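1. predicted structure and sequence below. I'll ask about it afterward.
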Amino acid sequence: MSITGENRLKRQVSGKVHHYVYYHCSKKSKTVACDEPCIRGEVLDRQLSSLLTDYAMPKEWVVPLSVMLDREAQTATQTASEAVFGLRERVAELSRHLARLTDVYVAQDIERDDYLARRRALMSEKKSVEEKIDRLLRTPSAWIEPTREWIKDASMLGEIAKSEDYPSKKISLQKIFGSNLTLHAREARGNALNQWLSLATAKENSGKTDLCLILEPRVGIGPTTSSLPWTCSTN
């Protein structure tokens, strides 16, 4: 159910006017009844700031993670080059098969329908391999930059939580919770998305396990969205 804000003014006998903002469910749903009480804006802001702090990446983690990403980018590029080499050999092999098939057809050693069927199969595979080559050349490590941006966002949450930059708080909360942030009994609650939940768990275990071993299996928004495909190393 959506949340809405409401401005209220309180006028004192002395003539002073106090401005308050309250938040509550919009009560526009025809299927769900809302009996949640209102919450003051400043109280909600403190709760949301606390949530942002829970998912803030410690500053001392940024450099090690960035080094790991640099290493992974180099590995991904090398792996892509090796894969492209093998795929190009396959394209050359398919081209030879096509040439031999054409020679057989010209020599009238194969029926036309059989020739066309085999040719379509070979051409289809060749096109598929060429498309793989193109993807590898264009984006050998497409997930690296989004991961860098995620690290940057996570490392800034602590500062955003302490600020009065409400638009930035809203954007950050949407990145962490998506549409899963709700109000229950005057308390902001939410189910964080996978990478943010993994980060919070890693923070809880930071005093028990080596940083590299914590981040390697947990913090990831790469190809599998659950773990970064690197080999954890402190060297």
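-> That came through fine.
2. chain center to the longest helix seen in the chain, what's the gap?
-> Secondary structure of the chain per DSSP state H: the longest helix is helix 59-106. Centroid separation for helix 59-106 versus its chain: 24 Å, with CA atoms, centre = their mean, to the nearest Å.
3. what packs against it?
-> On a contact count with 3 or more CB pairs under 8 Å, 6 or more residues apart in numbering; DSSP states H and E, helix 59-106 meets helix 112-138, helix 144-162, helix 211-218. Every residue, glycine included, has its C-beta placed from N, CA and C.
4. can you list those in TSV and add mean neighbour count and distance to residue 174?
-> Shown next, in TSV, are the helices and strands packed on helix 59-106 (neighbours: other CB atoms under 10 Å; distance: least, CB to CB, whole Å):
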stretch	mean neighbour count	distance to residue 174
helix 112-138	13	30
helix 144-162	17	11
helix 211-218	18	22
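5. go through those and name the closest to residue 57.
-> Comparison of the helices and strands packed on helix 59-106 against residue 57 by CB to CB identifies helix 144-162 as nearest, at 3.7 Å.
6. what about the closest one, average pLDDT?
-> Mean pLDDT, computed over helix 144-162, is 91.
7. just want the angle from that helix to helix 59-106.
-> Counting by axes from the mean of the first three to the mean of the last three CA atoms, to 10 degrees, helix 144-162 points 150 degrees away from the direction of helix 59-106.
8. for helix 144-162, name the packing helices and strands.
-> Here helix 144-162 touches helix 41-54, helix 59-106, helix 166-177, helix 194-204, going by 3+ CB pairs under 8 Å, 6+ apart.
9. who does the first one touch, helix- and strand-wise?
-> The one in question is helix 41-54. Secondary structure elements in contact with helix 41-54, counted by 3+ CB pairs under 8 Å, 6+ apart, are strand 17-25, helix 144-162, helix 166-177, strand 187-190.
10. can you tell me the distance between the two ends of stretch 188-202?
-> Counting by CA to CA, to the nearest Å, you get 22 Å between the two ends of stretch 188-202.
11. buried stuff in that stretch?
-> Under the neighbour-count criterion of 16 or more other CB atoms under 10 Å, stretch 188-202 has 188, 190, 192, 193, 195, 196, 198, 199, 202 buried.
12. OK, contacts around the first one?
-> Contact partners of residue 188, counting by CB atoms under 8 Å, 6 or more residues apart in numbering, are 44, 47, 48, 51, 181, 182.
13. what about this structure, any weak spots by pLDDT?
-> Applying pLDDT under 70 to the chain flags residues 1-3, 26-33, 140, 207-235.
14. what residue spans form the domains of it?
-> Domain segmentation of the chain under automatic domain parsing yields 3-36, 76-138.
15. start and end of the longest one, how far apart?
-> Using CA to CA, one end of domain 76-138 lies 12 Å from the other.
16. and if you look at stretch 188-199?
-> Using CA to CA, the two ends of stretch 188-199 sit 20 Å apart.
17. again, but for stretch 46-61
-> 25 Å.
18. buried ones in that stretch?
-> Neighbour-count burial for stretch 46-61 flags 47, 48, 49, 51, 52, 55, 56, 57, 61 (criterion: 16+ other CB under 10 Å).
19. before we move on, back to that, and which of the contacts of residue 188 is nearest to residue 170?
-> residue 48 (8.7 Å).
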